[in-house]
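Participant: this is a predicted model, with the sequence first.
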Amino acid sequence: MPQISFRKIALTFFGALIICSSLAGQIDQIQSSPTVISAPLIKGLHTLSIHVRDTITHDSVFKFLINQLMLPVYYHPVKYRQTRYVGVYAGNMVLEPCGPYSYINYAMDNFRAIFFGMNFEVFESLAEGKRGLEARDIKHQVNKGSIYIRDSVLCNENLFAALYEVPDREKRDSLRLLLINQKKESPGIEYISEISIGYKEEVNLLKWKEFLHPYEFDENNICRINDSLQIHFSQEHFNQVKGITFKVQSLLQTKEFLLDRKLKIIQSDDKILLDPVLAYGLSVYFKETLMSRVRKFRTKTNSGKLF
C-alpha cells in the first residue's frame, strides 16, 4: 500500500472544507435573499374582492358603491347557487362584492363585509408567474386563466391572493375615463392609491416581501407597485386586508359630497375616513396625493388668491 503523507491529507481535507463552505454559503444566500429573482410576479391589482355575510348585505354594498361613491359598473350582478357576485370599477382595479361563503373559516364571525381576496394582474404571463412562484418557493395551484396562492404563510385567516391574466384593458380604460370625467356632483374619486394589509407575525411579512420582490419596501413597510398603487403593511392581531384609500381630486369636494349625502366622516389633517358603520364595516379612506396639493398650491399662488 502506498504511503500518503499527513501533509497531503491535511491539504486535501482543507481544500474540500473550503469548497463545501463556499457551496453552503451560496445556497444560504439564495435561500435567505430573493435578489436572485429579477422579474416581478405582478404589475398591479386587477380585483379586490369584498366578502359579505349575507345576500342582503351584498346588495347593499353594491348600491353603496355605485350610488354613494359613484363608481361605474364593471359587470352586473350574477348568481351562482347561493353566492352572488358583482363588480364595480375604481379607476385602477375592480371592487367585487361577493358571497356569502359558508365554507370559509374567517378569522372573525361578526362582520357584514370585509376586504378579502387580492387578485393580482400577472406581470408577463401565467407561465412566467408559475416559474416565479417556484423560484420563490411559494406554494400555488395552477388553474385555467389563474394561479391561486396556496402558501399558508402568505394566505390565511382573512386574506387570499391569486394571479390573473385578464384581457380587458380596453374596457378598464373606458371605465376609468368615465369615472374621472364625472360631473362635480361626485366624490371626485380617481383610483385606489393604497391597500392596507395587516400581518400577524414577522414571517408573514417576510413572505410578502418574497412575493413582491423586486419591488422595494421603505422604512414604514410601504411597497410601491406602480404609479397609482402602493401596499402598506402593518402588524395586527391576524392577517387581513384592512382597508383602502381612494385618491381624490379635491378633499374639500369629497367632504362636501359625503356630508350632503348624510354620511358621517372622521377627518384628520390630510385624509377622510368614512364611518365604517355606514360602510358596512369596511375601512374606506379618501386622500389627495402630494402632487395634487402642490398643483393646487401653485394655481392659487399664481392667481393671487392665496395671499
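Facilitator: It's in.

Participant: could you pull out the helices for the stretch 101-250 of the chain?
Facilitator: 126-135, 169-180, 202-212 (DSSP state H, counting those that start in this stretch).

Participant: just for the stretch 151-300 of the chain, where's the confidence low?
Facilitator: Filtered on pLDDT under 70, the stretch 151-300 of the chain yields the residue ranges 290-300.

Participant: rerun that using 80 as the cut-off
Facilitator: 183-184, 269, 289-300 (pLDDT under 80).

Participant: ok, the stretch 1-150 of the chain next?
Facilitator: Checking the stretch 1-150 of the chain against pLDDT under 80 turns up 1-38.

Participant: closest one to residue 273 among the helices of the stretch 101-250 of the chain?
Facilitator: Closest approach to residue 273 among the helices of the stretch 101-250 of the chain is made by helix 169-180 (21.3 Å; Cβ to Cβ). In short, each C-beta sits where N, CA and C put it, glycine included.

Participant: I'd like to know which elements that closest one is packed against.
Facilitator: strand 83-89, strand 189-199 (3 or more Cβ pairs under 8 Å, 6 or more residues apart in numbering; DSSP states H and E).

Participant: for the longest one, packing partners?
Facilitator: Spelled out, it's strand 189-199. strand 42-52, helix 169-180, helix 202-212, strand 230-235, strand 240-248, strand 283-287.

Participant: follow-up on the earlier one: could you export the helices and strands packed on helix 169-180 as JSON lines, including mean neighbour count and distance to residue 271?
Facilitator: Shown next, in JSON lines, are those (neighbours: other Cβ atoms under 10 Å; distance: least, Cβ to Cβ, whole Å):
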{"stretch": "strand 83-89", "mean neighbour count": "20", "distance to residue 271": "22"}
{"stretch": "strand 189-199", "mean neighbour count": "20", "distance to residue 271": "10"}
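
Participant: how near is residue 130 to residue 160?
Facilitator: 18 Å (Cβ to Cβ, to the nearest Å).

Participant: so these two - more neighbours on which side?
Facilitator: Neighbour count, other Cβ atoms under 10 Å: between residue 130 and residue 160, residue 160 has more, with 19 against 16.

Participant: quickly note the distance from that one to residue 148.
Facilitator: 8 Å.

Participant: try residue 218
Facilitator: For residue 218, the distance to residue 148 - Cβ to Cβ - is 29 Å.

Participant: so for these two, which residue has more residues nearby?
Facilitator: residue 148 (16 against 10).

Participant: state the distance from that one to residue 127.
Facilitator: For residue 148, the distance to residue 127 - Cβ to Cβ - is 16 Å.

Participant: which other residues reach stretch 87-99?
Facilitator: 44-54, 58, 61-62, 65-66, 71-75, 83-86, 113, 117, 172, 175-176, 179-180, 189-192, 228-229, 246-247 (Cβ atoms under 8 Å, 6 or more residues apart in numbering).

Participant: and residue 253, which of the three is it?
Facilitator: Secondary structure for residue 253, judged by DSSP: H, G, I helix; E, B strand; the rest coil, is helix.

Participant: now it: closest residue in space, sequence neighbours ignored.
Facilitator: residue 188 (4.8 Å; Cβ to Cβ, 6 or more residues apart in numbering).

Participant: distance of that neighbour from residue 181?
Facilitator: Taking Cβ to Cβ, one finds residue 188 at 11 Å from residue 181.

Participant: same check, this time on residue 223
Facilitator: For residue 223, the distance to residue 181 - Cβ to Cβ - is 30 Å.

Participant: between the two, who's got more neighbours?
Facilitator: Between residue 223 and residue 181, counting by other Cβ under 10 Å, residue 223 is the more crowded of the two (19 against 7).

Participant: sweet, I'm off.
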